[in-house]
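Peer 1: Quick one, fold the following:
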Amino acid sequence: MKRLTFALLLLGVAVLCGLVIYIGPATLAGEIHKLGFNLVWIMLPSVISYMLDAFGWRYTLGRHADRIRYDRLFMTRMAGEAVNFTTPAAYLGGEPVKAYMLSRHNVPLIDGLASVVTAKTTMTLAEVLFIVIGLGLSAILLSRPDDLLVAGLVGLGAMGFGVGLFIAVQRRGLFIGSLRLLERLGLRVRWLKAREHKLQMLDTAIGDFYKRDRRGFLLSFLSFFAGWMVGALEVYLILYFLGVPVDVLSAIAIEALAVFVKGGTAFIPGSVGGQEAGTVLLLVAFGYTEAAGVTFAIVRRLREICWVAFGLLALARENRRAASPDPCDRPPA
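Peer 2: You can find the predicted model right below:
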């Protein structure tokens, strides 16, 4: 598995380097030079987007939301996202890290785990709606049937079905159900069996959120959706400062499809190479030059690197904090 991951990463890096060489380092440097100090403004939408995402998570914490200051919740989320970004686990590797870090802020581990599961669910639901809007706008703006749109609709349908099924499973008992399934398959994991009571508590906490906190579910969904929409502002600003024509609807469509492409390359650590290649294809489909596409992709990659560095610093800072005693033994929400 490690060899495969490393091979995929090398392939992604090769694709990225190939794009830079194809366009030409001098041409790319000239395009980035156009942005100049406007790079500061380009960073602003991501700040707003990540702040909205932190609010989306906060609404799934229920009564525990008041136990942790917003700034610490923001730092905790960024630390977990840094782990998500740097591990080939479909952007899920950092979710347990978030729950563990919450336990150091007087949030029981059971409730922290329940919140990261429900927040990931509402975030994905908002993502599906955002991509649906983007695909609809793309069909109108491109004014022609496109293989990309057909593939997108098929993939989105599968994604939407998966999210709906995941919610249904959560309501019936995700973790206990998984344990029972393993037992029926003849796989007995002693570590899980010994913690069956904890798994039941976790399923109860998740189920209670969907049954009793519909306001929190809605607010979380709306916060994440607003965060996805703000990402379109970044698209608009990059293209505007590059001096190429852009409109709001095209920016929304490009961002939605870029999100879809990034999700499809999540098996590569950081989506390196796949994200850039997909972004270039998208911009070319919308009538932009390859040079503009590569520049756009590189600028977004640099922005991601800055935030990953920030998240890793937050993770290092959190690791120096003393863990609170026995967070798992507190009663769940």
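
Peer 1: if I look at residue 240, how far off is residue 75?
Peer 2: Residue 240 is 31 Å from residue 75, where distance means CB to CB, to the nearest Å. C-beta here means a position set from N, CA and C on the backbone, and glycine is covered the same way.

Peer 1: quick one: which of these two has more around it?
Peer 2: residue 75 (20 against 15; other CB atoms under 10 Å).

Peer 1: all helices for the stretch 151-300 of the chain, in order.
Peer 2: Listed in chain order, the helices found in the stretch 151-300 of the chain under DSSP state H, counting those that start in this stretch are 190-193, 196-212, 214-241, 248-264, 274-285, 290-319.

Peer 1: buried set for the third one?
Peer 2: I take that to be helix 214-241. 216-217, 219-239, 241 (16 or more other CB atoms under 10 Å).

Peer 1: Please name the residues that touch the spatially closest residue to residue 240 that is not a sequence neighbour.
Peer 2: Leaving aside its sequence neighbours, residue 240 sits nearest to residue 246 (CB to CB, 6 or more residues apart in numbering; 5.7 Å). When contacts are counted by CB atoms under 8 Å, 6 or more residues apart in numbering, residue 246 touches 235-236, 239-240.

Peer 1: Pipe those residues into JSON lines and attach distance to residue 38 per row.
Peer 2: Supplementary listing: the contacts of residue 246 in JSON lines, determined by distance: CB to CB, whole Å:
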{"residue": "235", "distance to residue 38": "14"}
{"residue": "236", "distance to residue 38": "12"}
{"residue": "239", "distance to residue 38": "12"}
{"residue": "240", "distance to residue 38": "9"}
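
Peer 1: would CSV of the residues you listed with pLDDT and distance to residue 113 be doable?
Peer 2: Converted to CSV, the contacts of residue 246 look like this (pLDDT from 0 to 100; distance: CB to CB, whole Å):
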residue, pLDDT, distance to residue 113
235, 94, 34
236, 95, 37
239, 92, 40
240, 92, 42
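
Peer 1: Identify, from these, the entry nearest to residue 275.
Peer 2: Sorting those by distance to residue 275 puts residue 235 at the head of the list, at 13.8 Å, by CB to CB.

Peer 1: Would you state the predicted confidence (pLDDT) at the residue lying closest to that closest one once chain neighbours are set aside?
Peer 2: Counting by CB to CB, 6+ apart, residue 251 is the residue found nearest to residue 235 once chain neighbours are left out, at 4.2 Å. Reading off the confidence values, residue 251 has pLDDT 94.

Peer 1: And residue 112, by the same measure?
Peer 2: Reading off the per-residue confidence, residue 112 sits at a pLDDT of 88.

Peer 1: Just to check, it is in contact with residue 97?
Peer 2: No. Contact between residue 112 and residue 97 fails when scored by CB atoms under 8 Å: they sit 10.4 Å apart.

Peer 1: Show the contacting residues for residue 16.
Peer 2: Going by CB under 8 Å, 6+ apart, residue 16 touches 272-273, 276, 301.

Peer 1: how about a cut-off of 7 Å?
Peer 2: 272-273, 276 (CB atoms under 7 Å, 6 or more residues apart in numbering).
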